[in-house]
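Visitor: got a predicted model here, sequence first, then my questions.
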Amino acid sequence: MSAVKAEITPKSLDRIPGWFWGTDQRLFEWILSGQATENSPGDLLELGTYLGKSAVMIGAHARPGEVFTVCDLFESEAPEAANDAETSRSYSALTRDRFEENYLTFHDALPRIVHGPTSIVLDHVAAESCRFVHVDASHLYVHVRQDVMSARKVLRPDGIVVFDDYRSVHTPGVAMAVWEAVSNLGLAPICVSTQKLYATWGDAAPVRERLLRWLESREDLWHTTDAFDGWELVRVNQIKKPAPPAGDAATLRKLGDDLQRTTAELRKAMAESRAATQALKKATAEISLAGPVVRRAVRWTRRVTRRGRA
């Protein structure tokens, strides 16, 4: 286990390019933290790591005695044309040096790195040794199906596997391989986000129940449960904050200036209103004091007038 030398937050992870969204960051944190407190030690594995965004978080949860392994082609050529074309098109910026640099920004030591296709991972990771596996490598059906079988081999009975891109329009091979595993290989779904499917070859019900209790306490995550033939699935998504008003920076600055000017004018008008109110109260008080004098003067004038007539 390597020590974490920099705080891992959504903001700090944003500095690493990649597709590891807020909902999945929260779900990874909940699963990995829960396993660390409730389960016996077990290793961690990531198939396909890109530039290390999710690996940084996974590695932070490796306990003493546990091994975290990442397997990726990095800049190497894929063993076949179709896979090589996919890698060149989508991951041209990927190099092992960039992954290591990003990872070492947060950790004082690298994970165990298997530099090559995921088909060789079983030569490096023992059967039933892992408590957590993240699959985010090739999108081609033949390779994803092999990754499914590898995950099944290395996971402990209570281990959790996460599949990326299980529903994207450009990754039908992932969807076919994953749902095939659900139908034919006993893979039990726990939950899905917009990007990833979380599942186990063990008993999904207790994990799902704990997840629902946790989600009830979250104000930043939305969730619902769907029932299927013999099993249930929790859908989870992030509740997004309202977007700021549309407009460029100059427009927003002008709106701010106008608001400050209007506020100043309103304060001035209120001050003038208060001063006028005080003046009116003073005049009313003076009139009240003068009233008896005026009435006496009126009575005296009337008496003088009557005498003059007499």
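Guide: Here it is on my side, so go on.
Visitor: what's the longest helix in the chain?
Guide: Ranked by number of residues, the top helix in the chain under DSSP state H is helix 249-309.
Visitor: low pLDDT regions in the stretch 201-310 of the chain?
Guide: Within the stretch 201-310 of the chain, the ranges that satisfy pLDDT under 70 run 241-249, 294, 298, 308-310.
Visitor: wait, a strand at F132?
Guide: Yes. Note on F132: a strand contains this position according to DSSP: H, G, I helix; E, B strand; the rest coil.
Visitor: quick check: closest non-adjacent residue to it.
Guide: Spatially, and ignoring its direct neighbours in sequence, F132 is nearest to L44 (5.0 Å; C-beta to C-beta, 6 or more residues apart in numbering). (Each C-beta comes from the backbone N, C-alpha and C, glycine too.)
Visitor: list phi and psi for that neighbour.
Guide: Note on L44: backbone dihedrals following degrees, to the nearest 10 are phi -120, psi 140.
Visitor: what does L233 give?
Guide: Dihedral angles of L233 (phi, psi; degrees, to the nearest 10) stand at phi -140, psi 130.
Visitor: which residues touch the residue nearest to F132?
Guide: Contact criterion C-beta atoms under 8 Å, 6 or more residues apart in numbering gives 32, 58-59, 61-62, 66-69, 130-133 as the residues in contact with L44.
Visitor: nearest to I160 among those residues?
Guide: Using C-beta to C-beta, F132 comes nearest to I160 of the contacts of L44, at 5.6 Å.
Visitor: beta partners for that closest one?
Guide: The residues listed as beta-bridge partners of F132 by DSSP bridges are L44, I160.
Visitor: surely it and G42 touch.
Guide: Yes. Between F132 and G42 there is a contact at 7.4 Å, judged by C-beta atoms under 8 Å.
Visitor: secondary structure element for S150?
Guide: Using DSSP states H and E, S150 sits in helix 141-154.
Visitor: shouldn't G34 be in contact with R210?
Guide: Yes. With the criterion set as C-beta under 8 Å, G34 and R210 qualify as a contacting pair; they are 6.9 Å apart.
Visitor: if I look at W179, how far off is L197?
Guide: With the distance defined as C-beta to C-beta, to the nearest Å, W179 ends up 9 Å from L197.
Visitor: and if you look at L221?
Guide: 17 Å.
Visitor: so for these two, which sits in the more crowded spot?
Guide: When neighbours are counted by other C-beta atoms under 10 Å, L197 comes out ahead of the other of L221 and L197, with 25 against 19.
Visitor: can you verify that one is assigned to a strand?
Guide: Yes. The secondary structure assignment for L197 places it in a strand, going by three-state DSSP.
Visitor: name the helix or strand for V234, please.
Guide: Following DSSP H and E, the helix or strand that holds V234 is strand 232-238.
Visitor: helices or strands up against that strand?
Guide: Identification of packing neighbours for strand 232-238 by 3 or more C-beta pairs under 8 Å, 6 or more residues apart in numbering; DSSP states H and E yields helix 22-38, strand 188-192, helix 204-216, strand 221-227.
Visitor: 6 Å - rerun?
Guide: The elements that strand 232-238 packs onto, with contact taken as 3 or more C-beta pairs under 6 Å, 6 or more residues apart in numbering; DSSP states H and E, are helix 22-38, strand 188-192, strand 221-227.
Visitor: most tightly packed of those?
Guide: strand 188-192 (a mean of 22; mean count of other C-beta atoms under 10 Å).
Visitor: for it, packing partners?
Guide: Helices and strands touching strand 188-192, by 3+ C-beta pairs under 6 Å, 6+ apart, are strand 196-200, helix 204-216, strand 232-238.
Visitor: of those, which approaches H124 most closely?
Guide: Each of these was checked against H124 via C-beta to C-beta, and the shortest separation belongs to strand 196-200, namely 22.5 Å.
Visitor: tell me which residues of stretch 202-222 come out buried.
Guide: The neighbour-count check on stretch 202-222 (16 or more other C-beta atoms under 10 Å) flags G202, A204, V207, R208, L211, L215, L221 as buried.
Visitor: again, but for stretch 166-179
Guide: Buried residues in stretch 166-179, counted by 16+ other C-beta under 10 Å: Y166, R167, T171, G173, V174, A175, A177, V178, W179.
Visitor: leaving out the residues flanking it, which one is nearest to the second one?
Guide: In other words, R167. Using C-beta to C-beta, 6+ apart and skipping residues adjacent in sequence, the residue nearest R167 is A175, 6.0 Å away.
Visitor: same check on the last one?
Guide: With sequence-adjacent residues excluded and distances taken as C-beta to C-beta, 6+ apart, W179 is closest to Y166, at 7.9 Å.
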